[in-house]
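[1] predicted model and sequence follow; I will ask about them next.
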Amino acid sequence: MKTYELSYIISPEITSEEAETKAKEIESAVATREGVILKQSNPVAKTLSYPIEKRASGFFGFLEFQLEPEKLLELKEIIEKDGKVVRHMLIIKKPQRIRRERVRKQVGGSETLILEKPETQLNKEPATTHAEVAEEQKKPETKGKVELKDIEHELEEILG
């Protein structure tokens with residue numbers, strides 16, 4: 001099943017109670033096609049940015065659901081045939097990326113926040129402690145002197 005989001009505008013010529021029943025009809029149409037409703041909002045009266053079919057306002061609502069792609073066409077036909085739905089937009093929601101996990105460890109009486117990458121979570125390598133990080137920061141970098149000729153040579157290589 002894919003996740004979809006349906007945004008719709010219902011005609012302002014009906015009352016808010018009728019707009020809510022129209023939203024319930026759309027939800028039941030999804031449910032009868034073995035869909036799963038994830039989020040829904042009751043239609044809210046809004047002033048439109050520009051007129052749609054000579055109407056300056058309407059009831060805006062949205063519905064997020066999961067449904068088989070084969071049954072989506074049936075649902076779309078029902079919405080298009082309904083004269084009270086002025087405009088609708090149906091989009092496919094992409095799955096969200098896996099986020100990094102936050103791990104809290106106590107080191108020396110203070111709590112430290114360490115971000116681990118998903119790759120390191122699989123290996124479970126020991127994370128660096130606060131004291132080790134502080135020691136590494138104290139060490140000065142020891143590099144030899146850089147000659148002007150070396151810099152010019154590197155620039156020529158980079159610039160081609």
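    The structure has been received and is ready for your questions. Residues are numbered from 1 along each chain as shown.
[2] what about stretch 37-53, average pLDDT?
    If you average the pLDDT over stretch 37-53, you get 91.
[3] one more: stretch 149-160?
    Mean per-residue pLDDT for stretch 149-160: 88.
[4] so how far is that stretch from its chain's centroid?
    Offset of stretch 149-160 from its chain centre (C-alpha atoms, centre = their mean, to the nearest Å): 44 Å.
[5] in that stretch, which residues are buried?
    Within stretch 149-160, no residue counts as buried by 16 or more other C-beta atoms under 10 Å. (Each C-beta comes from the backbone N, C-alpha and C, glycine too.)
[6] what does stretch 11-28 give?
    11-12, 19, 22-23, 26-27.
[7] which is the succeeding secondary structure element to the longest helix seen in the chain?
    Ranked by residue count, the top helix of the chain under DSSP state H comes out as helix 16-32. Next in sequence after helix 16-32, counting helices and strands by DSSP states H and E, comes strand 36-40.
[8] what's that next one in contact with?
    Residues from elsewhere that reach strand 36-40, judged by C-beta atoms under 8 Å, 6 or more residues apart in numbering: 1, 3, 23, 27, 30-31, 61-67.
[9] nearest to Val146 among those residues?
    Thr3 (55.1 Å; C-beta to C-beta).
[10] could you report the separation of the closest one from Pro43?
    Computed with C-beta to C-beta, to the nearest Å, the distance linking Thr3 and Pro43 is 21 Å.
[11] kindly reformat the contacts of strand 36-40 as TSV containing pLDDT and distance to Gly83.
    Output for the contacts of strand 36-40, formatted as TSV (pLDDT from 0 to 100; distance: C-beta to C-beta, whole Å):
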residue	pLDDT	distance to Gly83
Met1	84	30
Thr3	91	28
Ala23	92	15
Glu27	93	19
Val30	92	20
Ala31	92	22
Gly61	93	17
Phe62	92	20
Leu63	93	19
Glu64	93	25
Phe65	93	23
Gln66	92	28
Leu67	91	23
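[12] now Ile26: closest residue in space, sequence neighbours ignored.
    Computed as C-beta to C-beta, 6 or more residues apart in numbering, the closest residue to Ile26 that is not its neighbour in sequence is Leu63, at 6.4 Å.
[13] test my guess that that neighbour contacts Glu5.
    Yes - using C-beta atoms under 8 Å, Leu63 is in contact with Glu5, at 7.3 Å.
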